[in-house]
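1. Sequence first, predicted coordinates after that:
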Amino acid sequence: MPSPHTPSVREFRLTDDKAGPYGITAGPDGALWLTLVHRGGVARLGLDGAYEEYALDPADCRPTVIAPGPDGALWFTRLQDHRIGRVTVGGLVTSFALPTPDGGPYGITAGPDGALWFTETAGDRIGRITVDGEVTEFALPVEGGFPSAITTGPDGALWFTLNGANAIGRLTPGGGTAVRPLPTDAAGPVGIAADGRAVWFTEIAAGRIGRITPDGRITEYPLPDRAATPHAVVAAADGECWFTEWGTGRVGRVTEAGEITEHALPDPSCEPHGITVGPDGALWTALETGGVARVERPLP
């Protein structure tokens, strides 16, 4: 149900609608970092409003998901030119090619082993890259699975969505893989994030949020609007998951007990994509139309 706490939601315009803020994460420097998927750049947004963009080469490389690395830099995927990017908090940008041609890297996360792990949507692979740029790839046992987002689970394994296979995958750092089909047909899982007990994910085509425990038990939470197209997800605390509704211009919260609340953003056509807990404890989401939104988390 819609939340009555609309004064807690603020939207900030950062750039024009041709830049396409897409991924967002909290950096080690106390700022928010974003990818600009259409302009080919990454950007830094301070909590004081200071905003700076860093251009990528080529401009059509389509940077997507971004995550902090163990080396104090930000790492991101470049979907179009099939590279992994790195930017320091000072704005120095580098990138690394992948062994598999046209792999289409999308999701990325810091792993339990001091490396970054990422998905290859078109390559049916999960990749691992060290902070020195050494890449290892792991082939998945599902053809056309379209691995999308990825996170480190509470069990120390890598968990990822298989959008094309309607399943959740699990990969140990040693390369052992398991695939768990979803109860709902054609659910289209995309975003994924872990709290201290379980892994949360979105079902963009089914209008549901899912939760899977390390032993494989799956719970699904239908949203009030099944056409909301939930996209990205972040686990704000154990038993508490926040998500973006790309199709309706809202962000939502679901608890382990099944309580769902939704917050309408000022512009219903803003296309919220990535979401993160900011350095200030609020929820921040990237708006593809050119800005970000900040949502206060309710007090316990």
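-> Thanks, I have the structure now.

2. Buried residues of the helix or strand residue 136 falls within, list them for me.
-> Using DSSP states H and E, residue 136 maps to strand 135-139. By neighbour count on 16 or more other C-beta atoms under 10 Å, the buried set for strand 135-139 is 135, 137, 138. Yep, even glycine has a C-beta here, placed from its N, CA and C like the rest.

3. ok, of the residues you listed, which one's closest to residue 42?
-> residue 135 (20.2 Å; C-beta to C-beta).

4. Name whatever forms a beta bridge with the closest one.
-> Applying DSSP bridges to residue 135 gives these bridge partners: residue 129.

5. Report pLDDT for it.
-> At residue 135, the model reports a pLDDT of 98.

6. and what of the one 3 residues further on?
-> The score at residue 138 is 97. That number is its pLDDT.

7. In this structure it contacts residue 123, no?
-> No - taking contacts as C-beta atoms under 8 Å, residue 138 lies outside contact range of residue 123: 10.5 Å.

8. Straight-line length of stretch 268-287, end to end?
-> 11 Å (C-alpha to C-alpha, to the nearest Å).

9. Next, count neighbours for the residue lying closest to residue 177 once chain neighbours are set aside.
-> Of all residues not flanking residue 177 in the chain, residue 171 sits nearest, at 5.2 Å (C-beta to C-beta, 6 or more residues apart in numbering). The local packing of residue 171 (other C-beta atoms under 10 Å) involves 23 other residues.

10. need the helices for the protein, in chain order.
-> Taking DSSP state H to define them, one finds no helices in the chain.

11. Okay, now the unreliable bits of it?
-> 1-7, 299-300 (pLDDT under 70).

12. switch to 90 and redo it
-> 1-8, 17, 297-300 (pLDDT under 90).

13. what about the longest strand in it?
-> Identified as the longest strand of the chain according to DSSP state E is strand 230-237.

14. which residues touch it?
-> 149, 190-195, 200-204, 207-209, 223, 241-246, 252-253, 272-277, 283, 285, 297 (C-beta atoms under 8 Å, 6 or more residues apart in numbering).

15. buried subset of these?
-> Here, 16+ other C-beta under 10 Å leaves 149, 190-195, 200-204, 207-209, 223, 241-246, 252-253, 272-277, 283, 285, 297 buried among those.

16. now for the strand holding residue 136, which elements pack on it?
-> Where contact means 3 or more C-beta pairs under 8 Å, 6 or more residues apart in numbering; DSSP states H and E, strand 135-139 is packed against strand 125-129.

17. burial count for residue 280?
-> Counted with other C-beta under 10 Å, residue 280 comes out at 13.

18. now it, nearest residue through space, not along the chain?
-> For residue 280, ignoring the flanking residues on the chain, the nearest one in space by C-beta to C-beta, 6+ apart is residue 47 at 5.8 Å.

19. give me every residue that touches the closest residue to residue 108 other than its chain neighbours.
-> Among residues not flanking residue 108 along the chain, residue 118 sits closest, at 4.2 Å (C-beta to C-beta, 6+ apart). The neighbours of residue 118, taking C-beta under 8 Å, 6+ apart as the test, are 77, 84, 105, 106, 107, 108, 109, 126, 127, 128, 129, 150.

20. Show me what the longest strand of the chain pairs with in its sheet, parallel or antiparallel.
-> Assessed with DSSP bridges, strand 230-237 is paired to strand 240-245 (antiparallel).

21. and the residue nearest to residue 264 when sequence neighbours are not counted, what does it touch?
-> Of all residues not flanking residue 264 in the chain, residue 250 sits nearest, at 5.3 Å (C-beta to C-beta, 6+ apart). Counting by C-beta under 8 Å, 6+ apart, residue 250 touches 2, 228, 244, 262, 263, 264, 265, 268, 272.
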